[in-house]
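**Student:** predicted coordinates and the sequence they were generated for:
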Amino acid sequence: MATTTADNKGSNKDDSYQHYSAMQSQASKELNKQILRAFLHDPKHKSFKGHCGERFSVKRDENASELVKEFEIDDIPFFSVFQEKHVEEAHEIAMQMSRRPIEQVVDAFSYLRTCYPGSPYIEHLSRVTFMEHPKTRDCLLPPPEQTMPYAYFREGRMMWGLTKKGEDAMVVMGTNKKHHRKMNILPTNAKFDKERRLAWWREDLGLLNHYYNWHLSYPYPPNPPRDRQGELFAYMHEQMLARYDFERLSRGLARVQAYGPGYGWDKPLREGFNPKMKFCSSRPANMNLTSAENYTFAKCSPDELEKFKERVQFAIARGFLYDKNEVKVKMTMNNLGNTILANEGSVNRTLYGNIHNHGHLMIANATDPCGMYNIRPGPMHWDQSAPRDPVFYRWHKFIDNLFEEHRKNLEPHTVKELEFPGVEIEHLNVKLEPEDYHKKKVDKPLDPKNNFYTYRETKKYQVYNTNNDQEPIKVKNASMDHIPYSFNMKVKNKNRGDAMICFRVFLVPQTDEPLDDWRTMFIELDKFVENFKGNETREIERSDKDSSVISSRRVRFEDIRDGKTDRSYQNNCGCGWPLNLLIPRGTKQGMRGTIFVLASDWMQDGENPQEHLYGSWSYCGQKGSKSKYPDMRPMGYPFDKPIVDKRSKPMRDLDTLVDFVPNSCMTDVRITYLGPWDEEERKEKRDEKKERREDQQKKN
């Protein structure tokens, strides 16, 4: 009887907890909805639309929000997260606003967003404020491509959406009707520009979203750096480069060549770029950076940046940096990353400069270095648009070369370091998920074992703030995706004791080159932990949707508005690689690659082995400015530095590595591109070809 009473008490307690959780969940949803108003235009306010390079004062607006008047918040023209003063001003105001009642904060941003439509500063300030405000830290924010669409969609796509809505796109966007038909339908006007082959990848909304939110999660001064921020800065960009190189190889292009001080910095930049957006300007091909002049935004010249680079290289060669007191500080990936990034963790900003950010600003403002003609900067100026520009990857290849110089100075990994005694991976396979939707659109049978299949499709997105109202428009955008898959592994724990095993999964293109030359081509697909009992043999299955590199479920504006969010959205900071780009495009014939898995001891590797891991923790860490990066191993392990065999000779290839390390496994795979799937996409391709033929006939 006593047991029954205790059970009843426990049941009542559980019911009360569930009721409290439901109330909390409902309150959270209502707060999420309330915040949405801060991301929409309010027609009752005046718009300062059309200003360029000029600051307006809210003091002259009688209807201005009280909070805006108190803090004297104006727009910052050409705001950039790569400009220290801009970020410091945003941080100072965000900290003050985060101490005010949330209703006042929402009112202030509703007013500011209407007064300054399409302002990168207001977008940044609002998101930082809500991330810092104690009531909204765990709230869901709408994706930036829905609230600031002009920074994410090409102008022609926006015009199509406005026309479908019934708006006069020419009036709204100030575009000449003469150029309406051809404007911005293709990625670039240069039909024979080889970089155009990868425009779809660089313009992927998930990729742009990830890069934007990474910079929000890992801020610039005056915030102190997060745990291992410098190392993660190096690793995340290295992974972007590896994935971009993989795509380049699939399209018959060479790997990215570095561009920066000592890497063609004093020669013409051969890549021109036309983003075809009102948000940023274009750059002609074969343009020189003006070497002697100080750039307005960077407050530095290309010649000075080269001197800072040489000082960093000298420090790498000697194995230490000098701080402000001329005390030697050991060279580590984290110290080097913070110094190149020039955040508050930089060992000495006076001596080593601000290489990364100033490079962005110089390239972005090459067409108007001193701001004499008030020309809008190029895509490299903004974190929303920087990955669109091919030179972004060349610049970051230069940055990665600095990190690689340091990596090669480190003691290489030995076979013994990689071993996990008693643990073996007997086999590894990739299989397609039992989905049947692809059967309706593919006219050939698909091999479900050790094959990846990708395809291209056009999606429609609802976006807001396209005009001074709250009505959305629909915009089309094409993207790559893959047929869902899962890993299947048979793992044996021969040890008597229980084990927590971390599986590190990589994909690499097949090659005949030595392993060390190909080391930076390994892209991380997943990293996860499984518990094994002593003497247990078990098969593991892991879905692509559970990957540690992808963003948790993407929230949409409509989901928040309609209260359709649930626990699957929690801890969603927006940072994370897009699921649709997890697997490279491949080729129509089938591009050959290799999956490699290494099992390691998580009890030794984990910062807190019992911690629950969620979201894109491989590329973004855990949510929260005070959180520790979960994996104590070097990021990218075991390919973070060279690997040697038992004779201390460089490891020749993956086959040899797997022979030496029983807790590793590899399998060859093929990546096949199936082409466009939907009829609308095929029709668009046919129309493009027809238009090109007509143009050619007119010229002839």
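**Tutor:** Received, thanks. Quick caveat, the model's predicted, so the values are computed rather than measured.
**Student:** can we go C-alpha only for contacts and neighbour counts from here?
**Tutor:** Noted.
**Student:** would you map the strands across the stretch 251-400 of the chain?
**Tutor:** Using DSSP state E, counting those that start in this stretch, the strands of the stretch 251-400 of the chain run over residues 320-322, 328-330.
**Student:** quick check: buried residues in the first one?
**Tutor:** Within strand 320-322, the residues scored as buried using 16 or more other Cα atoms under 10 Å are Phe320, Leu321, Tyr322.
**Student:** distance to Ile355 and pLDDT added to those residues, as TSV?
**Tutor:** As requested, the buried residues of strand 320-322 are arranged in TSV below (distance: Cα to Cα, whole Å; pLDDT from 0 to 100):
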residue	distance to Ile355	pLDDT
Phe320	18	97
Leu321	15	98
Tyr322	16	98
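**Student:** re earlier: would you turn the strands of the stretch 251-400 of the chain into JSON lines with distance to Met131?
**Tutor:** Written out in JSON lines, the entries for the strands of the stretch 251-400 of the chain read as follows (distance: least, Cα to Cα, whole Å):
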{"stretch": "strand 320-322", "distance to Met131": "34"}
{"stretch": "strand 328-330", "distance to Met131": "33"}
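**Student:** to Arg693, which of these lies closest?
**Tutor:** Shortest distance between Arg693 and the strands of the stretch 251-400 of the chain, using Cα to Cα, is found for strand 320-322: 59.3 Å.
**Student:** Ser346 contacts Thr332, correct?
**Tutor:** No - applying Cα atoms under 8 Å as the test, Ser346 and Thr332 come out as separate, 11.9 Å apart.
**Student:** the more surrounded of the two?
**Tutor:** Legend: neighbour count by other Cα atoms under 10 Å for Ser346 and Thr332, higher for Ser346 (22 against 19).
**Student:** what's the spacing between the more buried one and Lys278?
**Tutor:** To Lys278, Ser346 is 35 Å away according to Cα to Cα, to the nearest Å.
**Student:** ok, now Leu361?
**Tutor:** Distance from Leu361 to Lys278, counting by Cα to Cα: 18 Å.
**Student:** what are the ranges of the strands in this protein?
**Tutor:** Assignment of strands within the chain using DSSP state E yields the ranges 320-322, 328-330, 423-432, 451-463, 473-482, 485-493, 499-509, 523-532, 536-543, 591-601, 664-676.
**Student:** looking at these, which is closest to Tyr629?
**Tutor:** Nearest to Tyr629 among the strands of the chain is strand 523-532; the distance by Cα to Cα comes to 13.3 Å.
**Student:** state the distance from the closest residue to Tyr121 other than its chain neighbours to Asp605.
**Tutor:** Ranked by Cα to Cα, 6 or more residues apart in numbering and with sequence neighbours excluded, the top spatial neighbour of Tyr121 is Phe79, at 5.5 Å. Taking Cα to Cα as the measure, Phe79 and Asp605 are separated by 40 Å.
**Student:** who has more neighbours, those two?
**Tutor:** Each of Phe79 and Asp605 had its neighbours counted (other Cα under 10 Å), and the higher figure belongs to Phe79 (20 against 17).
**Student:** wait, isn't the more buried one in contact with His86?
**Tutor:** Yes - with contacts defined as Cα under 8 Å, Phe79 counts as touching His86 at a distance of 6.3 Å.
**Student:** Pro472: neighbour count?
**Tutor:** One way to gauge burial is a neighbour count; for Pro472, by other Cα under 10 Å, it gives 18.
**Student:** kindly report the same for Trp160.
**Tutor:** Other residues near Trp160 come to 18 when the count uses other Cα under 10 Å.
**Student:** I figured it hits Asn477, correct?
**Tutor:** No - at 11.1 Å, Trp160 does not count as touching Asn477 under the criterion of Cα under 8 Å.
**Student:** what's the overlap in contacts for the two?
**Tutor:** With contacts defined as Cα atoms under 8 Å, 6 or more residues apart in numbering, no residue is shared by Trp160 and Asn477.
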